[in-house]
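Engineer: show me how the following folds:
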Amino acid sequence: QDNLTLTAGSARFRWGVPVTLTTGRDEVWSNSYAHLDWARQINPTDQFKLSISADEEEFSNYYPRLRADGTARRHEIEAQQNHVINSQWRLVWGGQYRREQLSSPDLFNASPNQNLTLWRLFGNVEWRRHQQWVVNAGGLWESHSIIGENSAPRLMVNYHIMPGHTLRAGMTSAYKLPTL
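Structural biologist: Numbers count the residues shown, from 1 in each chain. Prediction:
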């Protein structure tokens, strides 16, 4: 069974900014986006998901006393596979690619066109040894065109005390990646 969802939209704002008592200027910001999600239920327990998105933002005279015209674009694709091996073991893995572009001669005088790419791979395994105990182990690898490569391992242990109440202990690491 397939499920397909498309969302899209656009917004544009224009406002006047007084410069002196008798003069002013207009500032404009606009954004357009499209996002496509496709999910295929392979069998009752396994699923494949694919997401594709595009986003464009334009701005003109956005900061007071400084011209800041420009255009920013982001394109992204992500895939994920969920697989249940048996009642105790479950796997999730996938990847992502993102490309960001920013063009603003006013903000980046020496090099007005800025680009960024991100590659990401991830995986997680879940082991439900007992009704109350769940162990999760996983990892993430990222390659970022500005800061290089990172990896982030993850290990979590969950103890379900009663319905709606869980104790969790774990170790992981994370990185805040820059965007344009």
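Engineer: which of the three states applies to the residue lying closest to residue 84 once chain neighbours are set aside?
Structural biologist: Excluding the flanking residues, the one nearest residue 84 by CB to CB, 6 or more residues apart in numbering is residue 45, at 3.7 Å. Heads up, the C-betas are built off the backbone N, CA and C, glycines and all. Using DSSP: H, G, I helix; E, B strand; the rest coil, the secondary structure recorded for residue 45 is coil.
Engineer: what's the pLDDT at residue 45?
Structural biologist: Per-residue pLDDT puts residue 45 at 92.
Engineer: residue 110: neighbouring residues, count only.
Structural biologist: By the measure other CB atoms under 10 Å, the count of residues near residue 110 is 5.
Engineer: for it, what are phi and psi?
Structural biologist: Main-chain torsions, residue 110, degrees, to the nearest 10: phi -70, psi -40.
Engineer: repeat for residue 163
Structural biologist: When quoted as degrees, to the nearest 10, the phi and psi of residue 163 stand at phi -50, psi 130.
Engineer: any low-confidence regions in the chain?
Structural biologist: By pLDDT under 70, the low-scoring segments of the chain are 17-24, 62-67.
Engineer: which stretches in it count as strands?
Structural biologist: 2-18, 24-41, 47-60, 70-84, 89-103, 113-130, 133-144, 148-162, 165-172 (DSSP state E).
Engineer: report the inter-axis angle for the third one versus strand 89-103.
Structural biologist: If I follow you right, that is strand 47-60. Orientation of strand 47-60 against strand 89-103 (axes from the mean of the first three to the mean of the last three CA atoms, to 10 degrees) gives an angle of 20 degrees.
Engineer: list the neighbouring strands of strand 47-60 plus their orientation.
Structural biologist: Strand 47-60 pairs in its sheet with strand 24-41 (antiparallel), strand 70-84 (antiparallel), by DSSP bridges.
Engineer: list the contacts of the closest residue in space to residue 35 that isn't next to it in sequence.
Structural biologist: Using CB to CB, 6+ apart and skipping residues adjacent in sequence, the residue nearest residue 35 is residue 53, 4.3 Å away. By CB atoms under 8 Å, 6 or more residues apart in numbering, the residues touching residue 53 are 33-36, 74-77.
Engineer: endpoints of stretch 36-46, how far apart?
Structural biologist: End-to-end distance for stretch 36-46, by CA to CA, to the nearest Å: 20 Å.
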